[in-house]
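>>> Sequence below, structure please.
(2 chains)
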There are 2 protein chains.
Amino acid sequence: MRILGLDPGSRRTGYGVIEQRGGRLVALAQGHVQAPAREDLPRRLHAICTRIGEIITEHQPDVVAVEEAFYHESVRSTLVLGHVRGALLVQAVERGLDVVEYSPRTIKLAVAGTGAASKQQVEFMVRRLLGLRGALSTDAADGLAVAICHWNRAGRTHTRQAASAAAKGLAALLARRGVR
Amino acid sequence: MRILGLDPGSRRTGYGVIEQRGGRLVALAQGHVQAPAREDLPRRLHAICTRIGEIITEHQPDVVAVEEAFYHESVRSTLVLGHVRGALLVQAVERGLDVVEYSPRTIKLAVAGTGAASKQQVEFMVRRLLGLRGALSTDAADGLAVAICHWNRAGRTHTRQAASAAAKGLAALLARRGVR
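Got it, this is the predicted structure:
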C-alpha cells in the first residue's frame, strides 16, 4: 500500500509519500508546495493542485490521507485553508483515489504516542520511523506524519480483522468438536 | 459574452448562465446544486464540481463570475464554504476560463441599485432584467445576480475604454487641424 499524506495549509501544503518495504517504512517523496503569492486565489489554488497532481502521477499512491482542518484563530486563514482542502479533496476523488481524513490529534497520537505532541516531537518520530537524515521542512514532516498515521490505522484495522477472523475460526472449530 | 455566475454555499450552490442578445439579456440556464448529504465531504465536493462542470460543457461560458465568501456566524459553515469555493475555482481555472470575484455588496449594488438590497429585491430585479416568469430558487437568483453583476461591470469597462478611445481620436483630430 502506497500512501500520499497531505497537510493542507493556508500558506503551504506539506506532502509525503510512504510505502512499506519488508519490515521497513520508506519515504518515496516529501516536501511542501507554496503557491505564488502574487497570483490571485483561483490561480494559487490551481498551482497547488497542479503540483500535487504531478506527485500523484509520479508516485501512483493507492490512497490519500489528509489532515482534517482545525479552526485557526483567524477566520480568514480558516477560509483560505478550506479553499485549499476543497481543491485538493476534489482532485483526489477525480483521480479515483480513496480519501481518508485524520484529526491533528489522531495523527500526533499515531506518530508520537501522544495527541499533545509538539511539532519537534512529531518531526523527530517521523525521521526515526522513516530513517530520514537530510533536510525536512516542518510541513513535509506533517505530510509524512498523516501518511504514517494512515499506515498505522490501516494496519491496525487489518490486525483487528485478522483477529476477528481467527476468533470465528476458533469458534467454528470448537463447535465442530461439540464444545459450546 | 456568455457569463456563468456562481453563488457557492455550504449547503447549496446557485448558478446562472446569461448572455446579451441584441438589446436583451437572456438566461440560458439557472438552478442550484445540492450535494448528497449522506456522502463524505470529498464526494460531496466532487458531486458539486461534476454538475457545474456539466453546465460549463453544455453552455461554454467565456467567463465565470463568483460571489466572494463572506464570513458566516459559524466557523464550520465558513470552512465548508471555503471547500466548495476552492473546488469550484480550481475547476474553472483548469478549464481555461477567466474567473472574477465580486463581493455580495457589489452584486446587490449592480443588480438592485443598493448594496443593502434584500434577497426579495435581488430576486425581483433578476426576474425583471431577464424577463423570467417560471420557478426561480433563491440560490439560482443569486447565481444569476453574480452573472448580471459581471455583465454590468464588464460593460462599464468597455464603455470607459470606448470613451477613452473616442477622446484620443478627438485629440488626434484636433492636433491634425493645428489645434493644441
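>>> Which single residue of chain A ends up nearest chain B?
Taking Cβ to the nearest Cβ, chain B has its nearest neighbour within chain A at residue A:82, 2.1 Å off. Yep, even glycine has a C-beta here, placed from its N, CA and C like the rest.
>>> quick one, what contacts that residue?
A:69, B:78, B:79, B:80, B:81, B:82, B:83, B:85, B:86 (Cβ atoms under 8 Å, 6 or more residues apart in numbering or on different chains).
>>> what does residue A:148 give?
A:5, A:18, A:25, A:110, A:111, A:126, A:129, A:130.
>>> what do you get for residue A:95?
By Cβ under 8 Å, 6+ apart, the contact list for residue A:95 reads A:53, A:56.
>>> and it, what pLDDT?
Residue A:95 is assigned 94 on the pLDDT scale.
>>> And stretch A:146-156, what's buried?
A:146, A:147, A:148, A:149, A:150, A:151, A:152, A:153, A:154 (16 or more other Cβ atoms under 10 Å in any protein chain shown).
>>> On the secondary structure side, give me the element for residue A:20.
strand A:12-21 (DSSP states H and E).
>>> Identify the bridge partners of residue A:18.
residue A:3, residue A:27 (DSSP bridges).
>>> what's the pLDDT at it?
Looking at residue A:18, the pLDDT reads 98.
>>> my guess is it contacts residue A:59, does it?
No - using Cβ atoms under 8 Å, residue A:18 is not in contact with residue A:59; the gap is 9.9 Å.
>>> In chain A, where is pLDDT below threshold?
Within chain A, the ranges that satisfy pLDDT under 70 run A:155-180.
>>> Closest to residue A:141 out of the contacts of residue A:82?
residue A:69 (18.6 Å; Cβ to Cβ).
>>> Skipping adjacent residues, who's closest to residue A:99 in space?
residue B:42 (4.4 Å; Cβ to Cβ, 6 or more residues apart in numbering or on different chains).
>>> That neighbour contacts residue A:91, doesn't it?
No - in this structure residue B:42 lies outside contact range of residue A:91 using Cβ under 8 Å: 9.6 Å.
>>> Now do the helices in chain A.
A:41-59, A:75-94, A:104-112, A:119-130, A:138-176 (DSSP state H).
>>> ok, and which of those has the densest surroundings?
helix A:75-94 (a mean of 24; mean count of other Cβ atoms under 10 Å in any protein chain shown).
>>> pull the CA atoms of that helix into PDB?
In PDB, the C-alpha atoms belonging to helix A:75-94 read as follows (Å, rounded to 0.1, in the frame of the first residue of the first chain):
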ATOM      1  CA  VAL A  75     -11.400  33.400  10.200                       C
ATOM      2  CA  ARG A  76      -9.700  34.500   7.000                       C
ATOM      3  CA  SER A  77      -7.000  31.800   7.400                       C
ATOM      4  CA  THR A  78      -9.700  29.200   8.100                       C
ATOM      5  CA  LEU A  79     -11.500  30.200   4.900                       C
ATOM      6  CA  VAL A  80      -8.300  30.100   2.800                       C
ATOM      7  CA  LEU A  81      -7.500  26.700   4.300                       C
ATOM      8  CA  GLY A  82     -10.900  25.500   3.400                       C
ATOM      9  CA  HIS A  83     -10.300  26.600  -0.300                       C
ATOM     10  CA  VAL A  84      -7.000  24.600  -0.400                       C
ATOM     11  CA  ARG A  85      -8.500  21.500   1.200                       C
ATOM     12  CA  GLY A  86     -11.600  21.600  -1.100                       C
ATOM     13  CA  ALA A  87      -9.500  21.900  -4.200                       C
ATOM     14  CA  LEU A  88      -7.200  19.000  -3.100                       C
ATOM     15  CA  LEU A  89     -10.000  16.700  -2.000                       C
ATOM     16  CA  VAL A  90     -11.800  17.000  -5.300                       C
ATOM     17  CA  GLN A  91      -8.600  16.300  -7.200                       C
ATOM     18  CA  ALA A  92      -8.000  13.100  -5.300                       C
ATOM     19  CA  VAL A  93     -11.600  11.900  -5.900                       C
ATOM     20  CA  GLU A  94     -11.400  12.900  -9.600                       C
END
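>>> All set now, cheers.
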